[in-house]
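Novice: need a structure here:
(one chain, ligands or ions: 1)
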Amino acid sequence: MGEKIIIDPVTRIEGHLRVETAMEGRRVKSARCSGDMFRGIEKALKGFDARVAQHITQRTCGVCPYAHAEASALALESAMGIRPNVNGQLLRNLTVGVYQIKDHLLHFYTLCALDFIDITAVLEYRGNDQALLQVKSWVQHELANNKVFPAAPFLPRYEATYCSDHEVNISGIKGYLDAIEIMAQLHKMVAIFGAKAPHPVAIEAGGVTTMPTVDRLAHFGTLLSHCTDFVRNRYGNDVLAVAKAFPAYFKEGKGYGNTLSAPYLPDGNGENFFFAGGVTIGGSYRPLDLGKITEDHSYAYYHNGSSPLLRPLQTDTLRPLSARDFEVEQGKVDGKYSWNRAPRYDGHAMEVGPAARVVNTYRSGSNPELTAMVNRLNRELGITIDDYPSVMGRHLSRYILADLTLRHMERQLAEVRPDVLGFTHHPVPVNARGVGITEATRGALAHWIETDGKGVIRNYEMVVPTTWNMSPRDGRGNPGAVEKMLEGTEVADAANPMELARIVRSTDPCIGCSVH
Ligand code: NFE
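Specialist: Numbering: from 1, shown residues only. Below is the predicted model of the structure:
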C-alpha cells in the first residue's frame, strides 16, 4: 500500500474537507484534516446592530442555521441579563428541536446510510412498493442504455463490503425515499413558529416573535405525531439493523474518547436541561467550564504575531495568511494546513456531537429516560457507554436523541399557552459582553458577543461543533478529534478507503460552519 491516502474532497458532507493519512502498511499512522476555505463571518458581523447577529450568523450554514440563531439570541440575552418568558422558551425549544430531528434523518439516510446499505439490492426487489419500483425501473433503464449503476444521486460509491441482508437493504432504501417527505414536514414545522425555513427569523433575543395561535399549535402537533411515527418505527429500526449488521464499527473511529457537550433543551423557565452539558475526560464526567476553552492556531492559516493560544473574543487579533505566506506554509513538511482553528478544553482535543450529548447526559445521571433507553440498547447490542464515541455509536446516538427529543417536544408542546406572545422587547445593551451556548445537531456551539457604546457589534466569536471535531493539531502536536479517530484504522483497499470515509462521515462534518 502507498505511503499516503488522500480523500479530497470528502463527499456527502457540507463544505470542502481534505483528509490525508500517512500509512504504515495497511494502517493509518497519522492523519490531517484540512478545512479548505476561508469565510470570515465573525469579521463581517462587526459594525452591525447587535440584534442583526442572528440573521447574519445563520448564513454560516444551511444545515444548522437554527442553532446559530439560538446561540446569537442567547449571547445577546446574556449581555442583556434577560431570558425569554415561558412561551418564548418553549417555542424556541420546539423550533430548534424539530430542526435537529430533520438533521438526524438527513445525516443518516441521505449522507451515511449508503456507506452501509447496498443500493444495488433494489434490482432484486420483488414487492409492490411504488417508490421502490420506480427506483428499480429507473436503474434498469440506466443499465439498458449502457450506463453504469449506481448513478447520481447514489454516488460516489466505494467498492466495499456492504450489508448482505436483502430486507435490511430494501428497508434502508425505502427509508431513504420516505425520509425526504418527512424532512419536508419537519421543515414546515420549523416555519410554523420560526416563520421561515431554513433560516428561521422569529428566534430573537427576548424570545420567539410568532404568536402561538390554537391553529398553529394544532398544525404543529399533527405533523409532530406523523414524524414521531417515522422516527420510532422506521429510523430506529433501520439504525438498529445497520448496527447489528456492522457491530465491529462500535470499535472503530473511537479517537480520544473525550466528549464535550452544552446543556440543552431547558424547561420553560430556562432551567433543568433535558440533556446535561459537561465533559468526560478519561471516563470521568464533570460540568462544563467555559473558562477552560482556548483556541490554538499553530497549524491553522492565521497569524497574529503573538501567542498561538487564544481565549474567546481574542481571536479577533488573528489575520488570514497572505498569499505568499500561504504558499510558504504549504511547502513545509510540518506547515499550517487548515482554515480550521484548534479549540481545546483544558488543553484536550474533544469530540462533540450526538455521542458526546448521550455520554455526558448518561454519566450525569440527570435524565432517567435516556439512562433507561441507553441501558436497553446496550443489552440488545452487547455494548457499553464507552462504545458510543465510535462510528456506530454516533449513528445510534442520533436515533436516541431523535426519539427522546420528540417525546420531550410532545410534553413541551402541551405546556405552551395559546395566544400568549413569547417575546418581550429589550433595549440593545451597550458596552456589554455575553455568551450563548447550545447544542447544534453536530455538537456544542458557543457564540460570544461584545457591543460598543452604541449597541453595535465590536467583537464576535463562534466556537462551532465541527471546529472541535475537525480541528488540526495544536501547538503541542496533539491531533484534533477526527484526526485521532482515524489513527490506527486498517484500510483494506487504498483505492476504496471506505473505512476512513465511514469514520469521517460518522461525525457529520460541516466545514462551512467549522471555518465560519
Ligand atoms: Ni453547518 Fe453546524 C451544526 C453548527 S456544524 S452544520 O450542527 O453550529 O459544526
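Novice: Checking Leu143 next. Helix, strand or coil?
Specialist: With DSSP: H, G, I helix; E, B strand; the rest coil as the basis, Leu143 sits in helix.
Novice: Give the closest residue to it in space, chain neighbours not counted.
Specialist: Using CB to CB, 6 or more residues apart in numbering and skipping the chain neighbours, the partner closest in space to Leu143 is Phe149 (5.7 Å). No exception for glycine: its C-beta is placed from N, CA and C like everyone else's.
Novice: Could you do Thr259 as well?
Specialist: Nearest to Thr259 is Ala356, by CB to CB, 6+ apart, at 3.5 Å.
Novice: got the contact list for whatever helix or strand the one you found lives in?
Specialist: Applying DSSP states H and E as the criterion places Ala356 in helix 354-364. The contact list for helix 354-364 (CB atoms under 8 Å, 6 or more residues apart in numbering) reads 104, 259-261, 264, 275-280, 285, 350, 367, 370-371, 374, 385, 388-390, 393-394, 397-398, 400-401, 439, 441, 443-444.
Novice: List, out of the residues you listed, those positioned next to the ligand.
Specialist: Thr441 (CB under 6 Å from any ligand atom).
Novice: Just the ones of the contacts of helix 354-364 in strands?
Specialist: Thr259, Leu260, Ser261, Gly278, Val279, Thr280, Tyr285, Glu439, Gly443, Ala444 (DSSP state E).
Novice: any idea which of those is closest to the ligand?
Specialist: Gly443 (6.6 Å; CB to the nearest ligand atom).
Novice: Tally up the residues packed near the residue nearest to Ala197 when sequence neighbours are not counted, please.
Specialist: Spatial nearest neighbour of Ala197, chain neighbours left out: Val190 (3.8 Å); criterion: CB to CB, 6+ apart. Here the number of neighbours of Val190 (other CB atoms under 10 Å) works out to 24.
Novice: Quick one: residues contacting Val190.
Specialist: Tyr66, Thr95, Val98, Tyr99, Lys102, Ala197, Pro198, Pro200.
Novice: what does the protein put close to the ligand?
Specialist: Counting by CB under 6 Å from any ligand atom, the chain sits next to the ligand at 14, 61, 63-64, 67-68, 440-442, 445, 464-466, 510, 512-514.
Novice: And the buried ones among those residues, selectable in ChimeraX?
Specialist: Selecting only the buried entries of the residues of the chain next to the ligand in ChimeraX, with 16 or more other CB atoms under 10 Å as the criterion:
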select :14,61,63,64,67,68,440,441,442,445,464,465,466,510,512,513,514
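Novice: Among the residues of the chain next to the ligand, which are located in strands?
Specialist: Reading strands off the residues of the chain next to the ligand with DSSP E, I get Ala440, Leu445.
Novice: Confirm for me that Gly253 is in contact with Tyr388.
Specialist: No. With contact defined as CB atoms under 8 Å, Gly253 does not reach Tyr388; the gap is 11.5 Å.
Novice: re the thing from before, did I read that right, the residue nearest to Leu143 in a helix?
Specialist: No. Going by three-state DSSP, the assignment for Phe149 is coil, not a helix.
Novice: Report how many residues lie close to it.
Specialist: 17.
Novice: Over to Gly453?
Specialist: Residues lying near Gly453 (other CB under 10 Å) number 8.
Novice: I'd guessed it sits against Ala432; true?
Specialist: No. Judged on CB under 8 Å, Gly453 makes no contact with Ala432 at a distance of 10.2 Å.
Novice: OK, contacts around Gly443?
Specialist: Leu260, Ser261, Glu351, Val352, Gly353, Pro354, Ala356, Arg357, Pro465, Thr466, Trp468, Asn469.
Novice: Let me have those in a markdown table, extended by pLDDT.
Specialist: A markdown table is the format used below for the contacts of Gly443 (pLDDT from 0 to 100):
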| residue | pLDDT |
| --- | --- |
| Leu260 | 98 |
| Ser261 | 98 |
| Glu351 | 98 |
| Val352 | 98 |
| Gly353 | 98 |
| Pro354 | 98 |
| Ala356 | 98 |
| Arg357 | 98 |
| Pro465 | 98 |
| Thr466 | 98 |
| Trp468 | 98 |
| Asn469 | 98 |
